[in-house]
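S.K.: quick one: sequence and predicted model below, then my questions.
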Amino acid sequence: MRTVIRDYLHFRKQESRFIERNRDVIAAANLKILKIGLLVSVIIFTTVGIFFCFHTIYRAVSYFVFSFSLIGFYAAAKKVSGHNRVLILFYIVFEFFCLFSIYLMTFQTRVLAVVGVCILSVMPSEILDRSYRVEIFALVNTIAMCIASWVLKSSSATAIMDTFHFAGALLIGVSVGSHTRVSSFELFELQRKTNNQRYYDFLTGLGNRRKLFEDLQAEENSDCPLSVVMIDVDYFKRYNDIYGHQNGDFILKRISCVLSEESAASGVAFYRYGGEEFIGITRKEGTDIKSVCNTIKRDVERLDISFPESPFGKVTVSIGFADNGNFGSADSDNIVRMADSALYSAKHKGRNCVCRYETETDFLKENPEIKTES
């Protein structure tokens with residue numbers, strides 16, 4: 001029992017972090033649950049209104065709930081996106097049904113109070129949000145139902161029984177809801193870590209080659225021109241041989257930090273292409289790719305990582321870039337090859353420089369015998 005309580009309290013401390021890391025996934029899960037619930041409500045109240053309600057008032061109430069459910073389903077399906085907006089709609093829908101259950105149990109038959117009990121049991125287990133908000137929301141509605149029962153019902157015995165029912169339903173809902181949220185958030189966190197391992201390089205934190213190719217495929221039909229940047233660490237093999245692979249890894253981490261900062265500033269997405277090579281891609285219009293490349297080259301130099309065995313005395317990078325703005329309808333594979341050719345040209349020209357793919361780099365393709373040191 002102590003272990004269960006300790007694990008639960010630990011989860012409550014980690015809950016905010018889990019939500020922040022998985023906001024989009026949680027929003028999608030909440031939206032899916034909400035749409036299913038509203039669709040079921042539409043079907044139920046359509047059936048009740050047509051086949052089982054013979055009194056005008058009952059039929060009007062059924063159609064009113066049907067209309068609300070239909071509008072809510074349309075909003076969930078077409079209009080609402082984002083974590084906070086989905087939660088707001090979720091709470092609005094549940095509040096409506098809580099008020100509807102108060103109406104049923106006070107102005108209709110007492111048996112229909114079971115609707116309120118069901119809502120209080122289900123509500124805390126369905127909303128994926130911070131526990132304290134879900135629990136406060138459920139508690140406030142429980143108190144409202146109890147007050148309505150005491151004020152609007154003539155029999156004290158009935159009100160007492162309803163109070164016990166509502167309190168029991170609340171406890172069950174909160175208990176089940178806590179377990180459901182723990183399981184869901186842990187599952188989302190596990191999926192996030194799995195995706196990170198699949199799509200991101202463990203050492204640098206940048207996207208890996210798999211993510212690069214999937215991102216390129218996803219935007220293959222885009223009308224915006226693709227620009228590609230290829231980056232290579234100068235004399236990296238020599239550095240590894242002299243200073244060891246751990247120091248080499250340190251260099252890659254420092255350079256990846258430079259690339260991450262530049263990505264945030266320019267919108268160019270960077271990936272680890274393999275070994276000491278990095279690649280950046282963008283379809284953002286108005287991006288000055290040459291300026292981005294020069295900034296990266298300058299910022300790497302400013303790291304001032306000593307490398308006496310290099311002609312430059314410190315760690316530097318060579319950069320080649322290309323875009324299909326000047327090459328018609330070249331596909332992404334060809335643009336990557338062009339950027340790689342431009343990088344090869346930059347290394348041939350002496351390294352620690354930026355080279356754009358142009359016709360003068362074509363001779364490197366025609367002279368594969370030209371070799372440069374890694």
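M.R.: Cool, got the structure.

S.K.: use CA for all of it now, contacts and neighbours both
M.R.: OK.

S.K.: quick check: residue 289 touching residue 226?
M.R.: No: in this structure, residue 289 is not within contact of residue 226 by Cα atoms under 8 Å, at 10.7 Å.

S.K.: so, low pLDDT: which residues of this protein?
M.R.: Within the chain, the set of residues satisfying pLDDT under 70 comprises 1-12, 48-59, 79-80, 106-117, 120, 324-330, 359-374.

S.K.: output the contacting helices and strands for the longest helix seen in the chain.
M.R.: The single longest helix within the chain, with elements called by DSSP state H, is helix 156-199. Helix 156-199 makes packing contacts with helix 2-21, helix 113-126, helix 131-152, helix 209-218 when contacts are defined by 3 or more Cα pairs under 8 Å, 6 or more residues apart in numbering; DSSP states H and E.

S.K.: which parts of the stretch 251-374 of the chain are strands?
M.R.: Here the stretch 251-374 of the chain has its strands, by DSSP state E, counting those that start in this stretch, at 269-274, 277-282, 317-323, 354-356.

S.K.: returning to that earlier point: out of the helices and strands packed on helix 156-199, the one nearest residue 63 is which?
M.R.: helix 113-126 (17.4 Å; Cα to Cα).

S.K.: domains for this structure, by residue range?
M.R.: 2-199, 209-366 (automatic domain parsing).

S.K.: now tabulate those in TSV and tack on mean neighbour count.
M.R.: Compiled in TSV, the domains of the chain are given as follows (neighbours: other Cα atoms under 10 Å):
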stretch	mean neighbour count
domain 2-199	17
domain 209-366	18
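
S.K.: can you tell me which of the strands of the stretch 251-374 of the chain comes nearest to residue 299?
M.R.: Among those, the nearest to residue 299 by Cα to Cα is strand 317-323 (10.1 Å).

S.K.: what angle do that closest one and strand 277-282 make?
M.R.: Our comparison of strand 317-323 with strand 277-282, counting by axes from the mean of the first three to the mean of the last three Cα atoms, to 10 degrees, yields an angle of 30 degrees.

S.K.: strand 317-323 packs against which elements?
M.R.: Secondary structure elements in contact with strand 317-323, counted by 3+ Cα pairs under 8 Å, 6+ apart, are strand 227-233, helix 289-303, helix 332-348, strand 354-356.

S.K.: need the ones you listed in a markdown table (columns: distance to residue 272).
M.R.: As requested, the helices and strands packed on strand 317-323 are exported to a markdown table (distance: least, Cα to Cα, whole Å):
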| stretch | distance to residue 272 |
| --- | --- |
| strand 227-233 | 9 |
| helix 289-303 | 15 |
| helix 332-348 | 14 |
| strand 354-356 | 19 |
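
S.K.: looking at those, which is closest to residue 77?
M.R.: Relative to residue 77, the nearest member of the helices and strands packed on strand 317-323 by Cα to Cα is helix 332-348, separated by 34.1 Å.

S.K.: where's residue 35 relative to residue 17, distance?
M.R.: Distance from residue 35 to residue 17, counting by Cα to Cα, to the nearest Å: 26 Å.

S.K.: compute the distance between the residue nearest to residue 301 when sequence neighbours are not counted and residue 205, please.
M.R.: Using Cα to Cα, 6 or more residues apart in numbering and skipping residues adjacent in sequence, the residue nearest residue 301 is residue 316, 5.8 Å away. Using Cα to Cα, residue 316 is found at 20 Å from residue 205.

S.K.: returning to that earlier point: show me what contacts the residue nearest to residue 301?
M.R.: Residues touching residue 316, when contacts are defined by Cα atoms under 8 Å, 6 or more residues apart in numbering, comprise 233, 234, 297, 300, 301, 352.

S.K.: phi first, then psi, for residue 130.
M.R.: Summarising the backbone geometry of residue 130 under the convention degrees, to the nearest 10, its torsions are phi -60, psi 140.

S.K.: sorry, slip of the keys, the one I care about is residue 42.
M.R.: The phi and psi values for residue 42, taken as degrees, to the nearest 10, are phi -60, psi -50.
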